[in-house]
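J.: model this:
(2 chains, ligands or ions: 1)
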Amino acid sequence: MDKIAELTEQIVKRFKDSGFDVDPKEVSKRLNLLIHEFKVPESEAVRTVTNYLMKELEISREQLVAESPLVKVSDITSPGRWVSLKAKVVQLWDATSPNVSQVGLIGDETGIIKFVIWTKAGKGEVEEGKSYLFRNVVTDSFAGRMQVNINRSSQIVEIDEDIQLPPRELEVVGALVAIQQNSGLIRRCKLCNRTMTKEVCPVHGKTEGYDDLRIKGVIDDGENFYEVILNEDNIRELTGIGLKEARKMAEERLDRNAVLTELKNSLLGRYFRVVGTRGERYLIVREVEFLKQDIRELAGELL
Amino acid sequence: MNRIGRREVARRIFAYEFNRSTHKIESKEEKSPIYVLTPTGMRCNRVFVVGVLLDKEETRPDTNFWRIRVSDPTGVFIGYVGRFQPDALETLLEVEPPELIAVVAKVRHFEGETRSFASLRPESIAVVDSDVRDYWVYETAKLTLNRIKAMEKKSSEDAILAWQIYNPDLEEYRSIVKQALTTILEPVVKVREGREAEEIEEGEEPEELEELEEEIFEFEEEEWDLSDILGE
Ligand SMILES: [Zn+2]
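T.: Next up is the predicted model:
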């Protein structure tokens, strides 16, 4: 479909969804004139033609937008609808095509959905953790899942609200490819439980601390990665090393880092099945276990 | 694009394909990562590999700069470990080949006189068992088959680019995947894992390997940057 036809369809559909019939020939003629003869940018041409039609039909922008209703993520169940939604950017992925400006996940308290901002939409960039009003976006389905597309007629407006995300449980199977600093036998502040560096709490300064055991790591399945936090229980279940054992190890070797080295040796490069909820940055682990799979059956399916 | 500062996914790729990945993708944007494009249209900056450490050899005496060769069922990865990868080095010094290892590595790409060459720059090395190796082979097979399908459909820009640059014979890559899967389905003969890998014909090594190593060594010396200190 050529550009004009595509834009025409978009405009006609938007009016139709709002209960107004417009003549595609008229729309297409005006777009053609603006874009090809006057070299007006596409987004401007769409806006101009839309404004013209609104005047002709004597309708207000509200009437038009009102039909592009404010919905929640869980309301999005069928493709090809114009909707608006308030949502927070949960995660940005790598855009693997130059046609895509940004791709990732957005969500509100009812759910999480994939979004795509097309490069030719010419929109500003969104940031992880910020909330926006996505106005006039189009629902779509890809590989059996719903998503929203941000195109030329859409608007993205940053909002001051902090949109809440649903507690979202997900299961990940992947390899532990990194264990980050501040893992192993760590100290926490007695007043606020924050991690201390050299007996100093970032909030309370030099104060009393207590021992804890945790791992901040990265689980990677070859297509995505997930930052995970494993607590003492998780670590003990996997390695047999709990806080007591860790303390003993540190005392015997006169080195608190010995615990981290030991954990790296027994966990790095292994595959895990992790079930947890997605926090702002980390996957909060509920269950973790070494992956056990019938490899013969799996491999057989591929052959 | 919001790629800067984001962690790179560790891609899965068989040695056979890795050693045929000669095309470098470099963005003009400052500090953006460098990728190697593979013949099945995947760009990778980091990889996760499980295979047999066949040998480790100090490239020059007393430099503590080691060349390692890691074999999967399809071929041999070459990697270099030096003092700027302290975690990987620590484990490497303790491992006696042949031994099964899991390697998380950055991909290095060097242009030689007659050909270019991709190698591994390990961030971490861990000794693992054959269950991990088997799952890696399965996972890598699955993801490679997905890429082959994407190549057939020409469904991404990278797939189209890979067609232009490599014009790959997809059947060749399919049969490599099949071969790899078959090796994990074969009954396990309880000798050391290293044996079977040794029998595999070695991948052709770049002729000018030595000159390249000189270059890599020097490059590594210069690469002492913040990302190493911060462990990213
Ligand atoms: Zn505190």
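J.: looking at the chain, which helix or strand is least sure?
T.: No chain specified, so I'll use chain A. Within chain A, no helix or strand scores below helix A:61-66, which has a mean of 64 by mean pLDDT, DSSP states H and E.
J.: downstream neighbour of that one in the secondary structure list?
T.: Proceeding N to C from helix A:61-66, the next assigned helix or strand is strand A:82-93, under DSSP states H and E.
J.: Go through that next one and flag the buried ones.
T.: Neighbour counts using 16 or more other CB atoms under 10 Å in any protein chain shown place A:82, A:83, A:84, A:85, A:86, A:87, A:88, A:89, A:90, A:91, A:92, A:93 of strand A:82-93 among the buried residues. From N, CA and C alone the C-beta is placed, and that goes for glycine too.
J.: Tell me the confidence at residue 97?
T.: Using chain A. Here, the pLDDT recorded for residue A:97 equals 82.
J.: wait, chain B
T.: Residue B:97 is assigned a predicted lDDT (pLDDT) of 93.
J.: That one: neighbour count?
T.: When neighbours are counted by other CB atoms under 10 Å in any protein chain shown, residue B:97 registers 16.
J.: again, but for residue A:290
T.: By other CB under 10 Å, the residues close to residue A:290 number 13.
J.: just checking, it touches residue A:274?
T.: No - Residue A:290 is beyond contact range of residue A:274, at 10.8 Å (criterion: CB atoms under 8 Å).
J.: Now do the contacts for the closest residue to residue B:26 other than its chain neighbours.
T.: Distance criterion CB to CB, 6 or more residues apart in numbering or on different chains; nearest residue to residue B:26, sequence neighbours excluded, is residue B:34 at 5.3 Å. Taking CB atoms under 8 Å, 6 or more residues apart in numbering or on different chains, we find residue B:34 in contact with B:24, B:25, B:26, B:45, B:109.
J.: and the longest helix belonging to chain B, which residues are buried?
T.: In chain B, taking DSSP state H as the definition, the longest helix is helix B:130-153. Of the residues in helix B:130-153, B:131-145, B:147-148, B:150-151 count as buried by neighbour count, 16+ other CB under 10 Å.
J.: name the helices or strands packed onto it?
T.: Contacting helix B:130-153 under the criterion 3 or more CB pairs under 8 Å, 6 or more residues apart in numbering or on different chains; DSSP states H and E are the following elements: strand A:271-278, helix A:295-302, strand B:46-58, strand B:66-72, strand B:99-111, helix B:157-166, helix B:170-185.
J.: Now render these as a markdown table, adding distance to residue A:258 and mean neighbour count.
T.: Formatted as a markdown table, those follow (distance: least, CB to CB, whole Å; neighbours: other CB atoms under 10 Å in any protein chain shown):
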| stretch | distance to residue A:258 | mean neighbour count |
| --- | --- | --- |
| strand A:271-278 | 23 | 19 |
| helix A:295-302 | 34 | 14 |
| strand B:46-58 | 25 | 21 |
| strand B:66-72 | 25 | 23 |
| strand B:99-111 | 22 | 22 |
| helix B:157-166 | 44 | 17 |
| helix B:170-185 | 35 | 17 |
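J.: Adding distance to residue A:63 as columns, could you present the ones you listed in TSV?
T.: What follows is the helices and strands packed on helix B:130-153, written out as TSV (distance: least, CB to CB, whole Å):
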stretch	distance to residue A:63
strand A:271-278	38
helix A:295-302	54
strand B:46-58	51
strand B:66-72	63
strand B:99-111	55
helix B:157-166	40
helix B:170-185	53
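J.: So which of these is nearest residue A:162?
T.: Of all the helices and strands packed on helix B:130-153, strand A:271-278 sits nearest to residue A:162, with 16.1 Å by CB to CB.
J.: PyMOL command for the buried members of the contacts of residue B:34?
T.: The PyMOL command for the buried members of those (criterion: 16+ other CB under 10 Å) is given here:
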select buried, chain B and resi 24+25+45+109
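J.: Among the contacts of residue B:34, show me the least confident.
T.: residue B:26 (87).
J.: gap between that one and residue B:37?
T.: Per CB to CB, to the nearest Å, residue B:26 is found 11 Å from residue B:37.
J.: returning to that earlier point: and the helices and strands packed on helix B:130-153: which comes nearest the ion?
T.: Among the helices and strands packed on helix B:130-153, strand A:271-278 comes nearest to the ion, with 25.3 Å by CB to the ion.
J.: Summarise which helices and strands the closest one is packed against.
T.: If contacts are counted by 3+ CB pairs under 8 Å, 6+ apart, strand A:271-278 sits against strand A:169-179, strand A:225-230, strand A:283-290, helix B:130-153.
J.: nearest to the ion, of the ones you listed?
T.: strand A:225-230 (18.5 Å).
J.: and that closest one, which strands flank it?
T.: Sheet pairing for strand A:225-230, assigned by DSSP bridges, gives strand A:209-220 (antiparallel), strand A:283-290 (parallel).
J.: deepest of the ones you listed, which one?
T.: Across the strands paired with strand A:225-230, averaging neighbours per residue (mean count of other CB atoms under 10 Å in any protein chain shown) puts strand A:209-220 on top, at a mean of 20.
J.: Is the ion within reach of that strand?
T.: No - using CB under 5 Å from the ion, strand A:209-220 stays clear of the ion, coming no nearer than 8.6 Å.
J.: So for that strand, mean pLDDT?
T.: For strand A:209-220, the mean confidence score works out to 96.
J.: How far does it sit from its chain's centre?
T.: Strand A:209-220 has its C-alpha centroid displaced from the chain centroid by 24 Å (CA atoms, centre = their mean, to the nearest Å).
J.: If I take it and strand B:46-58, what angle do their directions form?
T.: Computed by axes from the mean of the first three to the mean of the last three CA atoms, to 10 degrees, the angle separating strand A:209-220 from strand B:46-58 equals 100 degrees.
J.: got the contact list for stretch B:62-72?
T.: Counting by CB under 8 Å, 6+ apart, B:14-15, B:49-59, B:76-83, B:89, B:92, B:101, B:103, B:120, B:122, B:136-137, B:140, B:180, B:197-198, B:200, B:213, B:217, B:220 sit against stretch B:62-72.
J.: Go again with 7 Å.
T.: B:14-15, B:49, B:51-59, B:76-83, B:92, B:101, B:103, B:197, B:200, B:213, B:217 (CB atoms under 7 Å, 6 or more residues apart in numbering or on different chains).
J.: And the helix or strand that contains residue A:31, what does it pack against?
T.: Using DSSP H and E, residue A:31 maps to helix A:24-32. The helices and strands touching helix A:24-32, judged by 3 or more CB pairs under 7 Å, 6 or more residues apart in numbering or on different chains; DSSP states H and E, are helix A:3-17, helix A:42-57.
J.: Can you give me the neighbour number for residue B:44?
T.: By the measure other CB under 10 Å, the count of residues near residue B:44 is 23.
J.: If the nearest residue to it once chain neighbours are set aside is in a bridge, with which residues?
T.: Nearest non-adjacent residue to residue B:44, counting by CB to CB, 6+ apart: residue B:11, 4.0 Å away. Under DSSP bridges, the beta-bridge partners of residue B:11 are residue B:47.
J.: which bits of the stretch 1-150 of chain A sit near chain B?
T.: Within the stretch 1-150 of chain A, the positions near chain B by CB under 7 Å from any CB of the partner chain are A:92, A:94, A:95, A:96, A:97, A:98, A:102, A:125.
J.: Give me the subset of these lying in strands.
T.: The strands, defined by DSSP state E, take in A:92, A:102 from the residues of the stretch 1-150 of chain A next to chain B.
J.: of the residues of the stretch 1-150 of chain A next to chain B, buried ones?
T.: By neighbour count, with 16+ other CB under 10 Å, the residues of the stretch 1-150 of chain A next to chain B hold A:92, A:94, A:95, A:97, A:102 as buried.
J.: Where does pLDDT dip in chain A?
T.: A:1, A:62, A:65-68, A:143-144, A:168, A:279-280 (pLDDT under 70).
J.: and with 50 instead?
T.: Across chain A, the ranges flagged by pLDDT under 50 are A:66.
J.: contacting residues around residue A:220?
T.: Counted by CB under 7 Å, 6+ apart, residue A:220 has contacts A:174, A:175, A:177, B:9, B:10, B:48.
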